[in-house]
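Engineer: next one to model:
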Amino acid sequence: MELTLYIIGIIAIITAINVILQNNLMYSLLYFMVSLLSVSCIFFLLNFCFIGALTIIIYTGSIMILFIFVIMTTNIKKKPKKIWKNYKNWIKLLLPILFIYIITYNLLHEQERNLMTYNEAINEKDIGYALFGESYFIIVELASIMLLASLVITLHISQNLINKK
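Structural biologist: As a prediction, the model looks like this:
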């Protein structure tokens, strides 16, 4: 199981780097979907099945389909660019390497810290009450309204672009 966890982690890291370095937006989104699926596989391997299922349903399912829909309706043309001439592209490559370094450093020095672990399981009822209870109800509703508004704005912008042609 530990070897499988490391292999899936390496797949997640490689696909996340490909998300940053890819020029084509559709390929970048496909790499991002594979990265999210590998993260959800890691959750399943660590016996966090509910969080893994939520990752697949919410991120890979709905939000990534929304991203693909936005890219397809706006009809963005691919422009050739010089990848390594710009300093921003080097920063895009160095940030994941720095992130990997921080994670490996923390994993290697994990024995020095006292990590607090939770032994009791969190069920779906507790998560639902936490999200739709008293404190986060407005935030969740506002996030759903913002997603709906972004979809309407994208459709409006794409219709204006089609009408101009």
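Engineer: buried stuff in stretch 8-19?
Structural biologist: Buried residues in stretch 8-19, counted by 16 or more other C-beta atoms under 10 Å: 8-9, 11-13, 15-19. Any C-beta I mention is one placed from the backbone N, CA and C, and that applies to glycine too.
Engineer: any idea how far the most centrally placed residue in the chain lies from residue 55?
Structural biologist: The centroid of the chain falls nearest to residue 36 when counting by C-alpha atoms, centre = their mean (5.6 Å). Separation of residue 36 from residue 55 (C-beta to C-beta, to the nearest Å): 6 Å.
Engineer: next SSE downstream of the one helix or strand in the chain whose mean pLDDT sits lowest?
Structural biologist: Least confident element among the helices and strands of the chain, by mean pLDDT, DSSP states H and E: helix 87-108 (a mean of 70). Note on helix 87-108: by DSSP states H and E, the next helix or strand toward the C-terminus is helix 124-132.
Engineer: elements contacting that following helix?
Structural biologist: Other helices and strands packing on helix 124-132, by 3 or more C-beta pairs under 8 Å, 6 or more residues apart in numbering; DSSP states H and E, are helix 137-164.
Engineer: quick check: buried residues in the helix it packs on?
Structural biologist: Neighbour-count burial for helix 137-164, counted by 16+ other C-beta under 10 Å, picks out 154, 158.
Engineer: and the angle for that helix with helix 124-132?
Structural biologist: Computed by axes from the mean of the first three to the mean of the last three C-alpha atoms, to 10 degrees, the angle separating helix 137-164 from helix 124-132 equals 70 degrees.
Engineer: helices or strands next to helix 137-164 in the packing?
Structural biologist: Contacts defined by 3+ C-beta pairs under 8 Å, 6+ apart place helix 137-164 against helix 64-74, helix 124-132.
Engineer: deepest in the core, which of these is it.
Structural biologist: helix 64-74 (a mean of 15; mean count of other C-beta atoms under 10 Å).
Engineer: mean confidence for stretch 156-165?
Structural biologist: Confidence over stretch 156-165, taken as the mean pLDDT, stands at 77.
Engineer: chain center to that stretch: distance?
Structural biologist: The chain centroid and the centroid of stretch 156-165 are separated by 29 Å under C-alpha atoms, centre = their mean, to the nearest Å.
Engineer: good, we can wrap up now.
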